[in-house]
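**Student:** Mind folding the following:
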Amino acid sequence: MDDPTIQRDPCCQSAWRAMQHAWNLHGNSAPFWDTYQHLLTQHCDAGLEPQACANHIARMAQRLGAVEEAMMV
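**Tutor:** You can find the predicted model right below:
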């Protein structure tokens, strides 16, 4: 992952690993998107800035090929 935020932020690194794992197991199916939703909730509950977290996780889904172009908030 060449995104500097993900490379330096341990929270993003763990989310990236979880997204990759879900993608490898499930591809673009409901369980992958369940992981996506879980990560959004988990990161917002941890007190992280919700908009930035949502955008990072959306970019991860795009990099994996789940969406052609991620929608940023």
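**Student:** what's stretch 18-27 in contact with?
**Tutor:** With C-beta atoms under 8 Å, 6 or more residues apart in numbering as the test, stretch 18-27 has contacts from 31-32, 34-36, 39, 57, 60-61, 64-66. C-betas here are computed from N, CA, C, even on glycine.
**Student:** Residue 40 versus the residue nearest to the spatial centre of the chain, what's the distance?
**Tutor:** Most central in the chain under C-alpha atoms, centre = their mean is residue 57, positioned 2.7 Å from the mean C-alpha point. From residue 57 across to residue 40, the span is 6 Å (C-beta to C-beta, to the nearest Å).
**Student:** Also residue 13?
**Tutor:** From residue 13 to residue 40 the distance is 16 Å (C-beta to C-beta).
**Student:** Could you list the buried residues of the helix or strand containing the residue nearest to the centre of the chain?
**Tutor:** Residue 57 is located in helix 50-64, with elements delineated by DSSP states H and E. Neighbour-count burial for helix 50-64, counted by 16 or more other C-beta atoms under 10 Å, picks out 53-61, 63-64.
**Student:** Quick one: mean pLDDT over it.
**Tutor:** Throughout helix 50-64, pLDDT has a mean value of 89.
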